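Engineer: Below are the sequence and a predicted model; questions follow.
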Amino acid sequence: MSPATIIQYLLPHKTLSRIVRAATRWTWRPWKDFLIGHVVRAYHVDMSEAAQPDPFAYPSFNAFFTRALRAGARQADGDSDAILCPADGRISQIGPIEDGRILQAKGRWYSVAELLADSGAAEKYRDGSFATIYLSPRDYHRVHMPLDGELLETVHVPGRLFSVAPDPVAGIPKLFARNERLVCHFEGKRGPFTVTMVGAMLVSGITTVWSGKVVPAYARGIVRRDWRGRGIHLARFAEMAHFEMGSTVIVLVPSGRFDPGLGSGNAVTAGRRLGHLSPAADQGTIPVSGDTSKTA
């Protein structure tokens, strides 16, 4: 474990996130223009795709970071059974869930039950498939539906706010199951699926289209909200939420085939096809290349 990763354990995660949250909402022009200009230059942000392409026209850094894209900048795959990528970013890991375990990084696994904070709900995904997408500061930060579905329940799980950059993900055991997160359970035409939005250090804001800001406030215990019967149905590729700063989105499906050409490190955009739902008679998955060791 690197010294930088060890320091992650010692930092006051939520205090730092609160400070950054305030700083990114400051509308004083010299300050917000400095932050925006630094990120645009350092991360080579492509503003030509934004609805407002002038980065300095945004009233705050947070407004810039949560920017909308111009119409047509992203398109959903035309196959209605395609599992869509929920966000711009890079694939952290993708492939089959093996006996209820999800690959985090080479040699590191965590369980579906730990991620969802629900062993009963986890059973549906014991032999399913997963995709983990990492959003960096350069990326578009709105999250879209991977499939058509009705919202059943959200679960706000308290936790740490470790960085979700590649080095901490490789070095910190069960990171995604330890960080604060919002688990969204949906029912689609082929069955259930989940979209989990994972918070991270300096990256702890999550806002949904159905209930507004969810994180912060930070949860002190697990908070479950039942949305059944409220008619919250979101079409595939519809916007469902956004992050304030970058983070990670994890999609779980009980059965499906992911593109075997996709693997860790591949750049992806919202709406592109990640894979395909399996028909009822075909519950297998196509594993992707990557580590298969289950060493903790």
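Structural biologist: Alright, I've got the coordinates.

Engineer: all helices of the protein, in order?
Structural biologist: 3-10, 13-23, 29-43, 61-65, 112-116, 119-122, 166-171, 175-178 (DSSP state H).

Engineer: Return the member of the ones you listed having the minimum mean pLDDT.
Structural biologist: If you rank those by mean pLDDT, helix 3-10 sits at the bottom with a mean of 78.

Engineer: Can you show me the CA trace of that one as PDB?
Structural biologist: Output of helix 3-10 as PDB, limited to C-alpha atoms (Å, rounded to 0.1, in the frame of the first residue of the first chain):
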ATOM      1  CA  PRO A   3       2.000   6.200   1.400                       C
ATOM      2  CA  ALA A   4      -0.600   8.300  -0.400                       C
ATOM      3  CA  THR A   5      -3.200   5.500   0.100                       C
ATOM      4  CA  ILE A   6      -2.200   5.100   3.800                       C
ATOM      5  CA  ILE A   7      -2.900   8.800   4.300                       C
ATOM      6  CA  GLN A   8      -6.400   8.200   3.100                       C
ATOM      7  CA  TYR A   9      -7.200   6.400   6.300                       C
ATOM      8  CA  LEU A  10      -6.100   9.400   8.400                       C
END
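
Engineer: which one of the helices of the chain lies closest to residue 101?
Structural biologist: helix 112-116 (7.4 Å; CB to CB). Just so you know, the C-beta spots here come from the backbone N, C-alpha and C atoms, and that holds for glycine as well.

Engineer: now the strands: where do they sit in the stretch 151-296 of the chain?
Structural biologist: Read by DSSP state E, counting those that start in this stretch, the stretch 151-296 of the chain holds these strands, from start to end of the chain: 181-188, 191-198, 205-208, 212-215, 223-226, 233-234, 239-244, 248-253, 257-258, 267-268, 273-276.

Engineer: Residue 110 and residue 176, how far apart?
Structural biologist: Per CB to CB, to the nearest Å, residue 110 is found 6 Å from residue 176.

Engineer: intersection of neighbour lists for those two?
Structural biologist: 102, 104 (CB atoms under 8 Å, 6 or more residues apart in numbering).

Engineer: who's more crowded, the two?
Structural biologist: Using other CB atoms under 10 Å, the more surrounded residue of residue 110 and residue 176 is residue 176, with 23 against 18.

Engineer: Next up, the contacts around that one.
Structural biologist: Residue 176 neighbours (CB under 8 Å, 6+ apart): 102, 104, 110, 115, 132, 164, 169, 196, 198, 248, 250.

Engineer: Can you tell me which of these comes closest to residue 81?
Structural biologist: residue 250 (20.6 Å).

Engineer: Could you give the number of residues near that closest one?
Structural biologist: Neighbour count of residue 250, defined by other CB under 10 Å: 23.

Engineer: Repeat that for the one 5 residues further on.
Structural biologist: For residue 255, the neighbour count with other CB under 10 Å is 20.

Engineer: now swap in residue 167 and tell me
Structural biologist: Neighbours around residue 167, by other CB under 10 Å: 14.

Engineer: Tell me the spacing between it and residue 7.
Structural biologist: Counting by CB to CB, the separation of residue 167 from residue 7 is 11 Å.
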